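Trainee: no sequence on this one, just coordinates:
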């Protein structure tokens, strides 16, 4: 029997029977506890719920609280045959480990059935950076003669100049900018704060936005977000995603090959290509581990190989 496609699995999921009450209670207790303990994002909690509910339905009423290692192994094997990706299965295993560790701490289990389950091997995908000429075209795409266009230019400039995550950009408070010192105070993952230099171009467009555009969008309202919509609300991550795709098309860049996070990747890659120190880059990106930052050295190395192959007489 051939593996089902993601679209087929979504259709099947819509017709699934309701969850057993015991499973629903166990999952809800777990999610409430880890939210209180770790303050996980709602997106992570939703992913954990989907993964645990998937196991519960696969077990068809036999319950997940008492599942043993063999049952979990069989479920992971079934998902592999069904065509679930290694990354999806790795996320599932992470959810299972957290769930059974929680039950172990509460004394509701005497063993951890995930202890000897090996995570699937994930393909190492390199971040995709834009060429500097593409960045220039993208940044020049907004029409800065209107308030929203000027805001968009300032957002794009700031995203690229400071290497921000999308969530960091859209949640920036107006008090996080110090134009006199030319720095940005960013609240990153795990509520870790860092200072990031703005750069002359980003500072120029930010000053123009604050002087010409934001007052028109805000009117007489005292609004906390740095970047705002005409409604006065901060843009959502999804809105900025669509914004990047739209300006990519204007700039002649394939919208399918660009994402907001691509601007962060481009920031890191271009800095390394121009000789930036890896430790400094780690601080600018807000990475807790240097190993996370080191993947950009592989990107720079791949680009050097391509340049050598293209331009060297014996390449």
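Mentor: Here it is on my side, so go on. Remember, predicted model here, so these are calculated numbers, not experimental data.

Trainee: tally of neighbours for residue 278?
Mentor: By other Cβ atoms under 10 Å, 14 other residues sit near residue 278. Glycine gets a C-beta too; all of them are placed from N, C-alpha and C.

Trainee: now do the strands in this protein.
Mentor: All strands of the chain, identified by DSSP state E, fall at 177-178, 183-187, 193-197.

Trainee: can you check which of those strands gets nearest to residue 217?
Mentor: strand 177-178 (16.1 Å; Cβ to Cβ).

Trainee: give me the sheet partners of the closest one and which way each runs.
Mentor: strand 183-187 (antiparallel) (DSSP bridges).

Trainee: buried set for the partner strand?
Mentor: For strand 183-187, burial by neighbour count (16 or more other Cβ atoms under 10 Å) applies to 183-184, 186-187.

Trainee: same thing with stretch 78-93?
Mentor: 79, 84, 89, 91-93.

Trainee: hmm, back to that, for the strands of the chain, could you give me JSON lines that also reports mean pLDDT and distance to residue 232?
Mentor: Shown next, in JSON lines, are those (pLDDT from 0 to 100; distance: least, Cβ to Cβ, whole Å):
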{"stretch": "strand 177-178", "mean pLDDT": "91", "distance to residue 232": "18"}
{"stretch": "strand 183-187", "mean pLDDT": "87", "distance to residue 232": "21"}
{"stretch": "strand 193-197", "mean pLDDT": "86", "distance to residue 232": "26"}
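
Trainee: what would these look like in a markdown table with distance to residue 266?
Mentor: What follows is these, written out as a markdown table (distance: least, Cβ to Cβ, whole Å):
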| stretch | distance to residue 266 |
| --- | --- |
| strand 177-178 | 22 |
| strand 183-187 | 18 |
| strand 193-197 | 15 |
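
Trainee: closest one to residue 62 among those?
Mentor: strand 183-187 (44.0 Å).

Trainee: how far does the closest one sit from the chain's center?
Mentor: Relative to the chain's own centre, strand 183-187 is displaced by 19 Å; criterion: Cα atoms, centre = their mean, to the nearest Å.

Trainee: quick revisit: of the buried residues of strand 183-187, closest to residue 141?
Mentor: Distances from residue 141 to those, taken by Cβ to Cβ, are shortest for residue 184, at 22.6 Å.

Trainee: for residue 48, what are its contacts?
Mentor: 30-31, 34, 95, 98-99 (Cβ atoms under 8 Å, 6 or more residues apart in numbering).

Trainee: residue 115 against residue 68, yeah?
Mentor: No - with contact defined as Cβ atoms under 8 Å, residue 115 and residue 68 do not form a contacting pair (11.2 Å).

Trainee: for stretch 77-91, measure first residue to last.
Mentor: 15 Å (Cα to Cα, to the nearest Å).

Trainee: nope, stretch 36-46 is what I was after
Mentor: By Cα to Cα, the extent of stretch 36-46 from end to end equals 15 Å.

Trainee: just how off-centre is that stretch within its chain?
Mentor: That offset, for stretch 36-46, works out to 15 Å (Cα atoms, centre = their mean).

Trainee: what's that stretch in contact with?
Mentor: 31, 34-35.

Trainee: which stretches of this protein aren't confidently modelled?
Mentor: 1-17, 122-127, 288, 291-315 (pLDDT under 70).

Trainee: try it again at 50.
Mentor: Residues of the chain meeting the criterion pLDDT under 50: 1-2, 9-15, 308.

Trainee: need the single longest helix in it, by residues.
Mentor: helix 86-105 (DSSP state H).

Trainee: need the contact partners of that helix.
Mentor: So helix 86-105 is contacted by 26-27, 30, 33-34, 47-48, 51-52, 54-55, 64-65, 72, 76, 79-80, 109-114, 117, 119-123 (Cβ under 8 Å, 6+ apart).

Trainee: just to revisit the earlier point, and the contacts of residue 48, which is closest to residue 131?
Mentor: residue 95 (38.3 Å).

Trainee: do you know how far that closest one is from residue 136?
Mentor: 42 Å (Cβ to Cβ, to the nearest Å).

Trainee: domain parsing for the protein?
Mentor: 6-105, 132-311 (automatic domain parsing).

Trainee: and the first one, how far out from the chain's middle?
Mentor: Once both centres are worked out by Cα atoms, centre = their mean, domain 6-105 turns out to sit 21 Å from its chain's centre.

Trainee: over to the last one?
Mentor: Relative to the centre of its chain, domain 132-311 is centred 14 Å away, using Cα atoms, centre = their mean.
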